[in-house]
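A.B. asks: the following comprises the amino acid sequence and a computationally predicted model.
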Amino acid sequence: MLRVENLNVYYDAIHALKDVSFEVRQGEIVTLIGANGAGKTTTLHTVSGLIHPKSGKIVFMDKEIQHVEAHNILKMGLAQVPEGRRIFAQMNVQENLEMGAFTRRDRANMSRDMDWVFECFPRLKERRKQLAGTLSGGEQQMLAMGRAVMSAPKLIMLDEPSMGLSPILVTEIFKIIEKLKEQGVTVLLVEQNAKMALSIADRAYVLETGRIVLEGNARDLLNNDEVKKAYLGN
């Protein structure tokens, strides 16, 4: 579904991504793990069209998208839940979700998807008329995910969904990511909580200073001594 080949990205003189290549197959959860500053968020921003690479190729659903604008990439079915949520604080919960569906024309299916979001996130249903800026951090993360779901994505990219959340909420968010997969949504997950990410992913890639240094089955990497030592704290 998504193929990234030899991606090179620069911030002025800084070479942020160095020949990064990976793929995400339909129906998978694929995770990118790595330390802060490894290039994980830059990778997602480049795939979603917020940054244009100096060289390399990004192919989504058999179409090259490395020079396509971000709003057109969203229309193609590739949605991103950014780090830090970025919800519309002055709008209520329902209005935020409706904004997620802004590019859609299939009005009939939108109410069905709204129902599914509320089923997935019952707390959002309870707060549907509440201003998004008054929600807790965990509720805002749920809203950001729900808003992305409302764009009817084929592939959803999640950037640090567990950041700043309590352990109970982290578990809840990861259960919802698995539920997205059950609904047929493919997931590319960037996450510092490597243990949780590897426990739900099908495959994983390890990024270090802008390069992919390790890849494989997520369970294998969960038990890999190098990965354990560097990212799992044991």
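C.D. replies: Thanks, I have the structure now. Numbers count the residues shown, from 1 in each chain.
A.B. asks: which residue is nearest the centroid of the chain?
C.D. replies: residue 158 (1.6 Å; C-alpha atoms, centre = their mean).
A.B. asks: and that one, how far from residue 203?
C.D. replies: Distance check for residue 158 against residue 203: by C-beta to C-beta, to the nearest Å, it reads 15 Å. To be clear about C-beta, it is placed using only N, CA and C from the backbone, and glycine gets the same treatment.
A.B. asks: tell me what the residue nearest to the centre of the chain is bridged to.
C.D. replies: Beta-bridge pairing for residue 158 (DSSP bridges): residue 81, residue 189.
A.B. asks: how close does it get to residue 149?
C.D. replies: Residue 158 sits 11 Å away from residue 149 when distances are taken as C-beta to C-beta.
A.B. asks: ok, now residue 15?
C.D. replies: Using C-beta to C-beta, we find residue 15 at a distance of 35 Å from residue 149.
A.B. asks: give me the more crowded residue out of the two.
C.D. replies: Just comparing residue 15 and residue 149: by other C-beta atoms under 10 Å the higher neighbour count belongs to residue 149, 25 against 14.
A.B. asks: how far does the helix or strand bottoming out on mean pLDDT in the chain sit from the chain's center?
C.D. replies: Lowest by mean pLDDT, DSSP states H and E among the helices and strands of the chain is helix 107-120, with a mean of 85. Counting by C-alpha atoms, centre = their mean, to the nearest Å, helix 107-120 is centred 20 Å from the centre of its parent chain.
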